[in-house]
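K.L.:
here is my input, please return the structure:
(chains A and B, ligands or ions: 2)
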Amino acid sequence: MSAGVSAPLLSLRGVRKTFGTGAEQRAVLDGIDLDVAEHRCVVLIGASGSGKSTLLRVVDLLEDVDDGQVLLDGQDVADPWVDADAVRARLALVFQQYNLFPHLRVLDNLTLAPRVAHGRPRAEAEAEARQMLERVGLAHKARAYPDQLSGGEQQRAAIARALVGRPELLLLDEVTSALDPALVGEVLDLLLSLRSEGTTMLVATHEMGFARDVADEVVFLHDGRIHERGTPQQVLDDPQRERTREFLRRLR
Amino acid sequence: MSEQGGAPPGRQGGAPPGRQGGAWVPSERAAARTAFRRAQRRRALLVAGVATVVVLAAVVYVVTTAPGWERAREAFFSPGRAVEVLPEVAQGLWLNLRVWVVASAVGLVVGLLLAVVRTSRIPALFPLRMLAVAYVDVFRGVPLLLVLLLVGFGLPALRLPWLPVSAAVLGGLAIVLTYTAFLAEIFRAGIESVHPSQVAAARSLGLSRGQAVRHVVLPQAVRHVAAPVAGMLVSLQKDSGLISILGAVDAIRAAQIATTGDYNFTPYVVAGLLFVAISVPLTRLVDAWSARQGWRGQLSGVAGAGALR
Ligand SMILES: Nc1ncnc2c1ncn2[C@@H]1O[C@H](COP(=O)(O)OP(=O)(O)O)[C@@H](O)[C@H]1O
Ligand SMILES: [Mg+2]
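P.N.:
Ligands and ions are numbered 1, 2, ... in the order given. Below is the predicted model:
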């Protein structure tokens, strides 16, 4: 790819997603336009139920869209004839509830996708996985099962699992919401260091301090639309719209 | 509720728990609780003991004072006869064990395959899926005895040259037909018990649908249902005795043959004891194995629930 002004890594154009049928039908995403350039970080904020998770799942092709485009490097990956497995392998989604595989040791959680989906030899996959565990401070837990870890350790393991595939874009869905306040710090520290290395991220979070530290752009979702967007200073410190102010007031 | 000065009501009873000379000395309250629990345990033991003696005595009394007891004891519990027939019955049991192992292996593999087929969404498998549904519906509904008779006497009537006619093989086939249907249903329940977020996580990492099923769903599904599946296998071991109906010389048939001369039914008791001697250790083995597995991430909450009053 040529110099910095090229097309963004991820672009959403008019993305619409509804749940339910008939009278029950509701547009959770109602025409979303969003760009994430390489090495950039976009933070999604919004009330619970505003569609943050749905948006991230749409990007990871875990949900089909009703309309609009999901452009990855300019290719519309929402088209059903695109190889979704190949696209997902370029992205990584970290879930609020970790979703580690409970029947596999931490190390095997990390090596499953490289071995099974990408056909990497076990030794090679394990060497890389150990490096990644070292990186997130869990080298000593490689042989533990997920239920033997604290919440913070589980979430760091989940992040490590997402990173071993060397994703071009890291999608993070409220990764600290299920954690005790005392454990939030260790996970946020990890994300901050990833950010400082230039990892491209699309992040849903309720941690406004964190958003301020990492975001190049903050996007406030309301009623299925982007209600307000801008730099962290613009949106978080000087919101222009009443809904945004109300949302931020409630968080304090 | 407000406490106005002084110790809370519960505290007024005993001396405060404290350290005397560095070591912890139980407070009076703790000592009283321990004594109460010990007394309760003693009482429970006493009640259990008395109840057991009473029930056993009643059973022994009823049985031994029955008008036919003397003859029944002769006919069913003759030690000499038991020793005599043991080799034949044990030889028959060997057939039961072989039928059990083969039927279990086939039932597990085919049952799991059927469950996967039933829960898959591959369009090409649609006819297979319908077949699987019909098969499970039919063979869960028809009594095993009937399946045995139909397979054992019906299939040979077709006179297909390639069809085995051994009673043990046909009987084993009938048992497999019935048990596979039940095993398939158990495995299906296991597959459906794995949370969709596990599949989402696997797909998100780039695994295909099939890879997610193979490496994430099935291992967890099988762990979830290991206990009921093991129960079915124990039950299958016991039901392998039904092949005697078709004339296969298994433990039951061997015992039956041994009774024909003298109307002494001790061989049946011997066969029964042998079946129990297999199934009890088997059950304990399964229990121990499932306890050791620890059900990673599944039942830790339940298993850790501890003793409750
Ligand atoms: N699979 C689904 N079926 C029906 N409704 C759904 C589904 N997933 C999400 N929703 C609905 O979509 C809305 C947005 O959910 P979500 O994206 O999880 O919000 P957020 O992550 O911002 O809390 C909610 O009202 C939720 O109930
Ligand atoms: Mg959410």
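K.L.:
going forward, measure contacts and count neighbours with C-alpha atoms only.
P.N.:
Fine.
K.L.:
spatially central residue in chain B, please.
P.N.:
For chain B, B:Gly231 is the residue whose C-alpha lies nearest the centre (C-alpha atoms, centre = their mean; 2.3 Å).
K.L.:
distance-wise, check that residue relative to B:Lys238.
P.N.:
11 Å (C-alpha to C-alpha, to the nearest Å).
K.L.:
show the contacting residues for the residue nearest to the centre of chain B.
P.N.:
B:Gly231 sits next to B:Thr283 when contact means C-alpha atoms under 8 Å, 6 or more residues apart in numbering or on different chains.
K.L.:
how about the strands in the chain?
P.N.:
Since no chain was named, I'll use chain A. Along chain A, the stretches classed as strands by DSSP state E are A:10-19, A:26-36, A:41-45, A:67-72, A:75-76, A:91-94, A:169-173, A:201-204, A:217-222, A:225-230.
K.L.:
my question was about chain B, not that one.
P.N.:
Counting by DSSP E, the strands of chain B are B:18-20, B:23-25.
K.L.:
and A:Asp173, how close does it get to ligand 1?
P.N.:
To ligand 1, A:Asp173 is 8 Å away according to C-alpha to the nearest ligand atom, to the nearest Å.
K.L.:
bridge partners for that residue, pull those for me.
P.N.:
Beta-bridge partners recorded for A:Asp173 (DSSP bridges): A:Ala204.
K.L.:
that one: neighbour count?
P.N.:
A:Asp173: 25 surrounding residues under other C-alpha atoms under 10 Å in any protein chain shown.
K.L.:
need the contact list for it.
P.N.:
Listed by C-alpha under 8 Å, 6+ apart, the contact set of A:Asp173 reads A:Lys52, A:Ser53, A:Leu56, A:Leu93, A:Val94, A:Phe95, A:Gln96, A:Val203, A:Ala204, A:Thr205.
K.L.:
what about the one residue sitting closest to the centre of chain A, distance to B:Leu86?
P.N.:
Central residue of chain A (C-alpha atoms, centre = their mean): A:Leu171, 1.7 Å from the mean position. Look at A:Leu171 and B:Leu86: by C-alpha to C-alpha, they are 69 Å apart.
K.L.:
any chance of a markdown table for the strands of chain A, columns mean pLDDT?
P.N.:
Listed next are the strands of chain A as a markdown table, based on pLDDT from 0 to 100:
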| stretch | mean pLDDT |
| --- | --- |
| strand A:10-19 | 96 |
| strand A:26-36 | 95 |
| strand A:41-45 | 97 |
| strand A:67-72 | 96 |
| strand A:75-76 | 94 |
| strand A:91-94 | 95 |
| strand A:169-173 | 96 |
| strand A:201-204 | 96 |
| strand A:217-222 | 96 |
| strand A:225-230 | 96 |
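K.L.:
quick one: closest of the ones you listed to B:Pro79.
P.N.:
Among those, the nearest to B:Pro79 by C-alpha to C-alpha is strand A:91-94 (69.3 Å).
K.L.:
helices or strands next to that closest one in the packing?
P.N.:
Here strand A:91-94 touches helix A:151-164, strand A:169-173, helix B:196-204, going by 3 or more C-alpha pairs under 8 Å, 6 or more residues apart in numbering or on different chains; DSSP states H and E.
K.L.:
can you put these in TSV and add distance to B:Val62?
P.N.:
Formatted as TSV, the helices and strands packed on strand A:91-94 follow (distance: least, C-alpha to C-alpha, whole Å):
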stretch	distance to B:Val62
helix A:151-164	62
strand A:169-173	71
helix B:196-204	58
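K.L.:
now do the same contact list for the spatially closest residue to B:Ser78 that is not a sequence neighbour.
P.N.:
Setting aside the residues directly before and after it, B:Ser78 is nearest to B:Thr266 in space (C-alpha to C-alpha, 6 or more residues apart in numbering or on different chains), at 6.1 Å. Contact analysis of B:Thr266 by C-alpha under 8 Å, 6+ apart lists B:Ala75, B:Phe76, B:Phe77, B:Ser78, B:Arg81, B:Ala82, B:Thr259.
K.L.:
10 Å instead, please
P.N.:
B:72-83, B:85, B:255-256, B:258-259, B:272 (C-alpha atoms under 10 Å, 6 or more residues apart in numbering or on different chains).
K.L.:
which residues of the stretch 1-150 of chain B fall in helices?
P.N.:
Along the stretch 1-150 of chain B, the segments classed as helices by DSSP state H, counting those that start in this stretch run B:28-64, B:69-76, B:79-119, B:126-141, B:144-149.
K.L.:
and the gap between the closest residue to chain A within the stretch 51-200 of chain B and ligand 1?
P.N.:
In the stretch 51-200 of chain B, no residue comes nearer to chain A than B:Gln198, which is 6.1 Å away by C-alpha to the nearest C-alpha. Per C-alpha to the nearest ligand atom, B:Gln198 is found 15 Å from ligand 1.
K.L.:
tell me how many other residues crowd the residue nearest to that residue when sequence neighbours are not counted.
P.N.:
Distances taken as C-alpha to C-alpha, 6+ apart place A:Asn99 nearest to B:Gln198, at 6.1 Å, with adjacent residues excluded. A:Asn99: 19 surrounding residues under other C-alpha under 10 Å.
K.L.:
ok, the one 10 residues further on next?
P.N.:
Burial of A:Asn109 is recorded as 23 neighbouring residues (other C-alpha under 10 Å).
K.L.:
what is the end-to-end distance of stretch A:105-116?
P.N.:
Taking C-alpha to C-alpha, stretch A:105-116 runs 16 Å from one end to the other.
K.L.:
coming back round to it: any chance of the strands of chain A in TSV, plus distance to B:Arg292?
P.N.:
As requested, the strands of chain A are exported to TSV (distance: least, C-alpha to C-alpha, whole Å):
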stretch	distance to B:Arg292
strand A:10-19	43
strand A:26-36	46
strand A:41-45	44
strand A:67-72	47
strand A:75-76	49
strand A:91-94	31
strand A:169-173	35
strand A:201-204	40
strand A:217-222	48
strand A:225-230	51
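K.L.:
which pLDDT value goes with the residue nearest to A:Leu179 when sequence neighbours are not counted?
P.N.:
Spatial nearest neighbour of A:Leu179, chain neighbours left out: A:Gly151 (6.0 Å); criterion: C-alpha to C-alpha, 6+ apart. At A:Gly151, the model reports a pLDDT of 91.
K.L.:
kindly report the same for the one 5 residues further on.
P.N.:
Per-residue pLDDT puts A:Arg156 at 94.
K.L.:
check whether it really touches A:Val187, as I assumed.
P.N.:
Yes - counting by C-alpha atoms under 10 Å, A:Arg156 does reach A:Val187; the two are 6.3 Å apart.
K.L.:
who touches both of the two?
P.N.:
Common neighbours of A:Arg156 and A:Val187 (criterion: C-alpha under 10 Å, 6+ apart): A:Val136, A:Val175.
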